[in-house]
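1. Structure for the following, please:
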Amino acid sequence: MTAILAIDAAWTARQPSGVALVRNAGDTWRCVGLAPSYIQFEHLAAGDPGDSGSKPTGCRPDLDRLLAVCHRLLDGEQVSLIAMDMPLSLEPITRRRAADNAVSRAYGNKGCAIHSPSATRPGWLADGVRARAATLGFPLATASTPAGACPALIEVYPHPALIHLLDSDFRIPYKVAKTTRYWRDATLQERIARLHEQHARILSALGVHIVDLPLQLPGKAQIGSLASLKAYEDALDALVCAWVGILYLQGDCRAFGDRNAAIWIPTHADGRGVTTTSSRCS
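-> Sure, this is the predicted structure:
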């Protein structure tokens, strides 16, 4: 069995972070845990799916506790790979990295340039995660690491990954906080409907590669506000991170960066070739 812990990590401890756990069963990848926050993911270990109507809260990422939850959800098996959407480096993060510049050069014309990390965002938070992961046996995979090598911690970036997943030419408009920028002249209800359509599109594409997805989007008529869709966005991002992790294990990812940090991005449009887990983890 091979399992992936995927985290859509917020850059501060105040914001919630989506978490997904997937494992392979033969030629099939299944989702065995999904939550829009660390705290709600921890509740899964006790068989508590949480209140879907409650607002997720943020906290510091605790890899020990998250991996303990995975251990229980996997019936005693261990995670092989951690895929995380957060700037990570073997050196303290204080400014823009070579990895950020490399991805921005490759995907900037597709709307996927990267925000610059700093000593405060995510800074010490990311440095702590990377160091603890290494102590727990998950060294950071950099441009010097062969794709598929594990156990490992890999940095991923959902925006270019989604371009490959959906075979798109430009960044997918699915972020709750940016709907006004996406659709400037649309009414609130129109923006809610369009965002819902994008979320449904992403979920459907992910369902081709990962089965037993527990995420059910609300009907358009049930959506009272844009903010209520943020938890679904975070869960989707965690699943995208998991999908990239699957591709990494297949050797179908490319590292953008250097020997200190790398962002892993799919090399195959729409995930072609993802059928088994013939990697160094097998």
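
2. In the chain, which residue is most central in space?
-> Centroid check for the chain by CA atoms, centre = their mean gives residue 241 as the closest residue, at 2.9 Å.

3. The nearest residue in space to that one that is not next to it in sequence: what secondary structure?
-> Using CB to CB, 6 or more residues apart in numbering and skipping the chain neighbours, the partner closest in space to residue 241 is residue 6 (3.8 Å). No exception for glycine: its C-beta is placed from N, CA and C like everyone else's. Classification of residue 6 by DSSP: H, G, I helix; E, B strand; the rest coil places it in strand.

4. Also residue 264?
-> With three-state DSSP as the basis, residue 264 sits in strand.

5. And residue 204, how close does it get to residue 198?
-> Distance of residue 204 to residue 198, computed by CB to CB, to the nearest Å: 11 Å.

6. Which of these two has more residues huddled nearby?
-> More crowded of residue 204 and residue 198, by other CB atoms under 10 Å: residue 198, with 19 against 11.

7. Just say helix, strand or coil for that one.
-> Using three-state DSSP, the structure places residue 198 in helix.

8. what about the most far-flung residue of the chain relative to its centre, distance to residue 191?
-> Here the chain reaches farthest from its C-alpha mean at residue 185, the gap being 30.6 Å by CA atoms, centre = their mean. Between residue 185 and residue 191 the distance is 10 Å, computed by CB to CB.

9. just checking, the residue nearest to residue 241 touches residue 235?
-> No. Look at residue 6 against residue 235 with CB atoms under 8 Å: they stay out of range, at 10.5 Å.

10. Of these two, which one has the most company?
-> More neighbours surround residue 6 than the other of residue 6 and residue 235, with 31 against 26 (other CB under 10 Å).

11. Now for that one: which residues touch it?
-> Taking CB atoms under 8 Å, 6 or more residues apart in numbering as the criterion, residue 6 is in contact with 19, 20, 21, 22, 82, 83, 84, 238, 239, 241, 242, 245.

12. Check residue 63 too.
-> Counted by CB under 8 Å, 6+ apart, residue 63 has contacts 82, 129, 132, 133, 136.

13. Could you rerun that using 6 Å?
-> 132, 133 (CB atoms under 6 Å, 6 or more residues apart in numbering).
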